[in-house]
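S.K.: Build me a model from this:
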Amino acid sequence: MVNLEWYRTFKSVYKNGNFSLAAKELFISQPAVSQQIGMLEAHVGYKLFNRKSKGVEPTEYAKLLNNLIIEALDRLENVENGFRAKAFNANRLISVGISKHFMISLGSVLLSKFDFIDFSFHENDQLFELVDSKKLDFAIVTKQYDTFDTIQKNVGKIKQVIVGSSALEVSLLKQNIKNKDFIATESWLNDQKWFSHDAGIPHIKLFWLHVFNKKRPSMVPNYIIPSEHEMIEILSRNLGVSVVWDINARNFIADKKIQLLWNSKEMPSTEVFLLSAKKDNLNTIFEKIEIELKNALA
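M.R.: Numbering: from 1, shown residues only. This next block holds a predicted model:
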């Protein structure tokens, strides 16, 4: 049976018209190229190349042989390259930037799909700069960036909601919300103990702006815990309320560790994007991460 490597060597010599160039392309020695062409000629029973002063030229039979095998050989090499790319993508170390507040809800879903991930915690603009300068492979952000050197895909939406401890009595709050009595609703919320992951309470201010049409809430946070997931965990074991991302609260609510107090229609959703530099070797990984994030945010 003919050795497939002979056909690879034949293809390279035919394309380059030179044994030396074929050897460089195939990462083998020039004598090895000559030997494989000689064995292929012995197998087919025809001379394939005539030597010239500079390189070689194909015989008529070589032209016929090339037409017969080139399409099948190209398909086979494409399949082989695809398997190599998948093996490389599955085993290479990838770097992913993400806000620390989304590590548990979004970052952790990637662990079962990749063997090696280097996570780093930053916020949107710094994440973009790191991807744009190719210091990070991927970033998960909540802000859209429009540049030539990066790829960005929308993977879903998240929303800020108000949650409270499961032991909190909230019947009066629910009634006030149902009656659209926002003065009474705000008053009830102001009387609670507040948990926040940021002393500047930007997330609470944003909720107040959209829902109560006020630029500044009057409450002061009682407890500041700089990781939203840890904050929710601590909230679940105490009495109080907080504004959090729904994706972070989802499992806590499902497990009845906290309760959803208010998912206001006035509060707009925020889009989540997957960001990457334009590199061909990242395309397959990008698609894989995109699928996982879309599933997590569905």
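S.K.: okay, CA-based contacts and neighbour counts for the rest of this
M.R.: Noted.
S.K.: Okay, buried residues for stretch 258-274 please.
M.R.: Across stretch 258-274, burial judged by 16 or more other C-alpha atoms under 10 Å covers 258, 259, 260, 261, 267, 272, 273, 274.
S.K.: Show me what whatever helix or strand residue 287 lives in is packed against.
M.R.: In this assignment (DSSP states H and E), residue 287 forms part of helix 283-297. In this structure, helix 283-297 makes packing contacts with helix 60-91, strand 150-158, judged by 3 or more C-alpha pairs under 8 Å, 6 or more residues apart in numbering; DSSP states H and E.
S.K.: Go through the buried residues of stretch 258-274 and name the one nearest residue 54.
M.R.: residue 274 (51.8 Å; C-alpha to C-alpha).
S.K.: Give me the nearest residue to the closest one, chain neighbours excluded.
M.R.: residue 140 (4.8 Å; C-alpha to C-alpha, 6 or more residues apart in numbering).
S.K.: Same check on residue 25?
M.R.: Going by C-alpha to C-alpha, 6+ apart, residue 25 has residue 12 as its nearest residue, at 7.5 Å.
S.K.: do residue 150 as well
M.R.: Spatial nearest neighbour of residue 150, chain neighbours left out: residue 277 (4.3 Å); criterion: C-alpha to C-alpha, 6+ apart.
S.K.: measure that neighbour to residue 151 for me?
M.R.: 6 Å (C-alpha to C-alpha, to the nearest Å).
S.K.: same question, residue 276
M.R.: 5 Å.
S.K.: Counting neighbours, go ahead and name the busier of these two.
M.R.: Of the pair residue 276 and residue 151, residue 276 is the one with more neighbours under other C-alpha atoms under 10 Å, namely 25 against 20.
S.K.: circling back to that earlier point, now distance to residue 56 and secondary structure too, for the buried residues of stretch 258-274, in a markdown table please.
M.R.: Formatted as a markdown table, these follow (distance: C-alpha to C-alpha, whole Å; DSSP: H, G, I helix; E, B strand; the rest coil):
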| residue | distance to residue 56 | secondary structure |
| --- | --- | --- |
| 258 | 78 | strand |
| 259 | 79 | strand |
| 260 | 77 | strand |
| 261 | 80 | strand |
| 267 | 73 | coil |
| 272 | 57 | strand |
| 273 | 54 | strand |
| 274 | 51 | strand |
